[in-house]
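[1] Provided below are the primary sequence and the corresponding predicted coordinates.
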Amino acid sequence: QASDQLCALPGEDMAFWIRGHSQETYVDLLHQYRLPYNARAADMAKLARFVYPGVNNDVVAIARDARSISWSLVARSLSAPLEEDDRNLSQFLVQDYTYLFQEDSTLACAVVFVGTHNL
């Protein structure tokens, strides 16, 4: 039987608890419970927000914001069709970046990209 105190905190899977589906909502609500609960989830929400168009418009700004939460931008890659598919798929492929971040203290890694609803 779980205690009332424990049940009052949001769980790792917060789909039932979040008010709406937007980056601002996730970042704001997860930040409240960052420590000692959901620290990694709060960081993931912030990293996802940092790479969205209109939030940061260049890689220098993304790296700066990642450093503010003790993560480092390690690499980024641009999507591209395979050579054999280029002729058929290039007109449908949205060129977008994928980012690799690493947490400074634990060396944990995160792959972050812009969701399809922002295309």
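    Yep, it's here.
[2] Leu100 belongs to a helix, doesn't it?
    No. In this structure, Leu100 is strand, not part of a helix, as judged by DSSP: H, G, I helix; E, B strand; the rest coil.
[3] tell me what it is bridged to.
    Ala75, Val111 (DSSP bridges).
[4] so where's the protein shaky on pLDDT?
    1-26, 28-38, 81-82, 85-95, 116-119 (pLDDT under 70).
[5] make it 50
    1, 6, 16, 118-119 (pLDDT under 50).
[6] what are the ranges of the helices in it?
    4-7, 23-32, 39-50, 59-67, 86-89 (DSSP state H).
[7] residues touching Tyr99, list them.
    47, 51, 62, 73, 75-76, 111-113 (CB atoms under 8 Å, 6 or more residues apart in numbering). Backbone N, C-alpha and C define where each C-beta goes, glycine included.
[8] can you get me a residue count around Gln102?
    By other CB atoms under 10 Å, the residues close to Gln102 number 15.
[9] JSON lines for the contacts of Tyr99, including neighbour count and distance to Thr98?
    Formatted as JSON lines, those follow (neighbours: other CB atoms under 10 Å; distance: CB to CB, whole Å):
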{"residue": "Leu47", "neighbour count": "22", "distance to Thr98": "12"}
{"residue": "Val51", "neighbour count": "23", "distance to Thr98": "9"}
{"residue": "Ile62", "neighbour count": "22", "distance to Thr98": "12"}
{"residue": "Leu73", "neighbour count": "21", "distance to Thr98": "12"}
{"residue": "Ala75", "neighbour count": "10", "distance to Thr98": "9"}
{"residue": "Arg76", "neighbour count": "16", "distance to Thr98": "7"}
{"residue": "Val111", "neighbour count": "11", "distance to Thr98": "6"}
{"residue": "Val112", "neighbour count": "22", "distance to Thr98": "7"}
{"residue": "Phe113", "neighbour count": "14", "distance to Thr98": "5"}
